[in-house]
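S.K.: need the 3D shape of this:
(one chain, ligands or ions: 2)
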Amino acid sequence: MKSKFEVSKEFLKNDDILKCPICGERLLFLDKSLKCDKHSFDISRKGTINLVYSKHYKNSKIYNYELFKNRREFIIGGFYFRLYKFISDILNDRFSSECTILDLGCGEGSHSKFILDLLKFDYKYYGFDYAKDAIKLASDYINYNRFYFLGDVNRIPILDSSIDIILDILSPFNEKEVKRIIKDSGVFIKVSPGKNYLKELRDVLNMEEYNNENDVFDNLQKRFKKIDKYNLNYKIEINEDNFQNLVKMTPAKKNNSSVISFVTIDLNVYVIRI
Ligand SMILES: C[S@@+](CC[C@H](N)C(=O)[O-])C[C@H]1O[C@@H](n2cnc3c(N)ncnc32)[C@H](O)[C@@H]1O
Ligand SMILES: [Zn+2]
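M.R.: Ligands and ions are numbered 1, 2, ... in the order given. Down below sits the predicted model:
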């Protein structure tokens with residue numbers, strides 16, 4: 001079996017949309033680096049590349065290895081299958097030939113990996129995140145059509161009008177950058193928490209509820225013309241391990257003593273055309 005490093009090399013040999021995060025020139029793959037005339041970015045042993053302009057980089061203390069590891073353990077429990085099916089159905093209806101997919105703030109990569117597994121068309125997938133530990137874990141999903149890099153949603157190292165599908169699952173986005181990189185025929189899928197998302201967990205951790213659901217929609221409506229909004233809302237049963245994973249993957253939590261046996265999944269899916 002080829003190493004992640006070798007597999008990513010194959011992916012990058014066929015890449016034609018990455019650009020230099022420093023000078024903006026198109027990057028070309030030579031030997032084991034992406035290069036423009038002035039700058040060079042090496043593939044790591046894990047098959048990923050750091051494409052954050054280093055002057056701007058500050059690794060996150062909150063989004064650390066422990067958080068992403070627990071997030072993965074929870075996600076692979078299968079609790080979000082309805083979300084994957086919902087998004088993949090929309091994409092399978094709309095696309096049939098090879099597409100480029102960009103995943104903004106992909107985290108440790110499991111959500112999008114499960115969506116990709118349901119796609120019926122060919123694609124080239126680029127996942128990126130600002131947290132080093134996220135990309136280290138996401139590298140487990142590297143494949144000939146899946147590549148992961150360290151990047152910033154505010155300065156995306158991708159050429160203009162080159163992406164068919166932008167995914168944003170519970171991550172931040174930058175309107176200008178989204179509009180710059182997406183093709184006219186493209187679709188931007190944004191997932192954000194509804195008011196009751198993980199409500200029971202937030203209650204036992206003494207955290208505030210998500211009360212900015214309407215702000216997110218208003219904000220999107222100001223920025224994009226064609227938006228369809230859907231809501232997925234269901235309860236799931238969780239065991240003690242699931243509960244511990246949830247607690248450890250929740251940033252800014254407060255101490256708790258009780259355990260819960262179910263939680264609400266309440267997610268809004270915005271399907272946005274540019
Ligand atoms: C709630 S997590 C969601 C991660 C993943 N999409 C998932 O659903 O599992 C938010 C993610 O956004 C990333 N993030 C925050 N600011 C970012 C930025 N400026 N550029 C890229 N990623 C960023 C964080 O590192 C984190 O992985
Ligand atoms: Zn450059």
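
S.K.: CA only for contacts and neighbour counts going forward, please
M.R.: Fine.

S.K.: show me where this structure has its strands.
M.R.: Using DSSP state E, the strands found in the chain span residues 28-30, 33-35, 40-42, 49-50, 99-104, 123-129, 146-150, 163-169, 182-193, 226-237, 262-273.

S.K.: now, of those, which is deepest in the fold?
M.R.: For the strands of the chain, the largest average neighbour count (mean count of other CA atoms under 10 Å) is found in strand 146-150, namely a mean of 25.

S.K.: report the residue spans of this protein with pLDDT below the cut-off.
M.R.: Applying pLDDT under 70 to the chain picks out residues 252-256.

S.K.: list, one by one, the residues from it near ligand 1.
M.R.: 63, 105-107, 111, 129-131, 151-154, 169-172 (CA under 6 Å from any ligand atom).

S.K.: ok, the nearest residue to residue 272 once chain neighbours are set aside to residue 117 distance?
M.R.: Leaving aside its sequence neighbours, residue 272 sits nearest to residue 227 (CA to CA, 6 or more residues apart in numbering; 4.5 Å). Going from residue 227 to residue 117 by CA to CA, to the nearest Å gives 25 Å.

S.K.: what does residue 15 give?
M.R.: For residue 15, the distance to residue 117 (CA to CA) stands at 21 Å.

S.K.: quick one, which of those two is more surrounded?
M.R.: residue 15 (13 against 10; other CA atoms under 10 Å).

S.K.: isn't the residue nearest to residue 272 right next to residue 271, touching?
M.R.: Yes - using CA atoms under 8 Å, residue 227 is in contact with residue 271, at 5.6 Å.

S.K.: next up, the contacts around the residue nearest to residue 272.
M.R.: By CA atoms under 8 Å, 6 or more residues apart in numbering, residue 227 lies in contact with 220-221, 270-273.

S.K.: for those residues, give me CSV that also has distance to residue 20.
M.R.: Formatted as CSV, the contacts of residue 227 follow (distance: CA to CA, whole Å):
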residue, distance to residue 20
220, 29
221, 31
270, 30
271, 29
272, 27
273, 27
